[in-house]
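**Q** Turn this into a structure:
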Amino acid sequence: MNIVSVINKVVAPLKRSINLMIGRAVVTLINDSTGLQSLQAAGLSEELLADIERFQDYGFTSVPLPGSEALLVFPSGNRDHAIAAKVDDRNFRPKGLNPGETCIYDYAGNTVIIKAGEIEVKHAVKVNVNAPMVDIGSGTLEKILNGETFQTFFNSHSHVDSLGGKTTPPIIPSNIFHLSATVKATKGF
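**A** Next comes the predicted model:
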């Protein structure tokens, strides 16, 4: 036996372990009730891998759909204990973002895109903001909500009556007394 054969024989198990340390798999099941989310996935040649711990970035979490692709790490090449380093789904990932932009998205096409100069929120149905206080700055929406634009709009609006004609503007116009205490305080009243 020559020296090269001996080295190859000694190194072969190490080489196999290294080759098996990183792999791809297709997610088949997700358990989101555990401290670290756990996955089941199909690996090499229909290899079924269970109880795969999925590490996610702090402050961000998601529940991928079955069929998503996972990048798995097998410490020491041990296929009995996989860790999901990343999970992605090429079918739903938004494309065409500009350099530096960040996007949060889901399978339905809903997105929050952080762009230079703005944050764009797109949802097909509804956006909820659930907070005891919302500060929306001093732009147009703030002017509408704090009364300046709303009062002007309210005091000049009309409706269509049952005969198809227009009603007159409100008999009692909105004034400073109709504004909330918070708005009055910000206006110095």
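**Q** CA atoms for contacts and neighbours, from now on please.
**A** OK.
**Q** now the residue lying closest to R79 once chain neighbours are set aside: how far from F74?
**A** Residue nearest to R79 in three dimensions, not counting chain neighbours: L20, with 7.5 Å by C-alpha to C-alpha, 6 or more residues apart in numbering. L20 is 7 Å from F74, where distance means C-alpha to C-alpha, to the nearest Å.
**Q** and what of S5?
**A** Going from S5 to F74 by C-alpha to C-alpha gives 28 Å.
**Q** These two: who's more crowded?
**A** Applying other C-alpha atoms under 10 Å to S5 and F74 shows that F74 carries more neighbours, namely 19 against 10.
**Q** How confident was the prediction at that one?
**A** pLDDT recorded at F74 is 92.
**Q** who touches it in this structure?
**A** Taking C-alpha atoms under 8 Å, 6 or more residues apart in numbering, we find F74 in contact with 20-23, 80-83.
**Q** Looking at the residues you listed, spot the one nearest Y58.
**A** Nearest to Y58 among the contacts of F74: I83, at 16.4 Å, using C-alpha to C-alpha.
**Q** Am I right that the closest one is in contact with G77?
**A** No. Between I83 and G77 there is no contact under C-alpha atoms under 8 Å: 11.4 Å.
**Q** Quick check: buried residues in the strand ranked longest in the chain?
**A** If each strand of the chain is counted by residues according to DSSP state E, the longest one is strand 22-31. Residues of strand 22-31 classed as buried: 22-30 (neighbour count, 16 or more other C-alpha atoms under 10 Å).
**Q** didn't I104 look like it was pressed against I119?
**A** No. Between I104 and I119 there is no contact under C-alpha under 8 Å: 11.1 Å.
**Q** Give me the common contacts of the two.
**A** Applying C-alpha under 8 Å, 6+ apart, one finds that I104 and I119 are jointly contacted by 112-113.
**Q** Could I get the full set of strands for this structure?
**A** Ranges of strands in the chain, per DSSP E, are 22-31, 37-42, 48-54, 69-73, 83-88, 102-105, 111-115, 118-122.
**Q** sorry, back to before: by neighbour count, which of the contacts of F74 wins?
**A** Neighbour counts for those peak at A82, which has 25 neighbours (criterion: other C-alpha under 10 Å).
**Q** right, and it touches A70 too?
**A** No. Under the criterion of C-alpha under 8 Å, A82 makes no contact with A70, lying 10.8 Å away.
**Q** May I ask which helix or strand of the protein has the lowest mean pLDDT?
**A** Within the chain, confidence by mean pLDDT, DSSP states H and E is lowest for helix 140-145 among all helices and strands, at a mean of 61.
**Q** report the longest helix in this protein, please.
**A** Counting residues, the longest helix found in the chain (DSSP state H) is helix 3-19.
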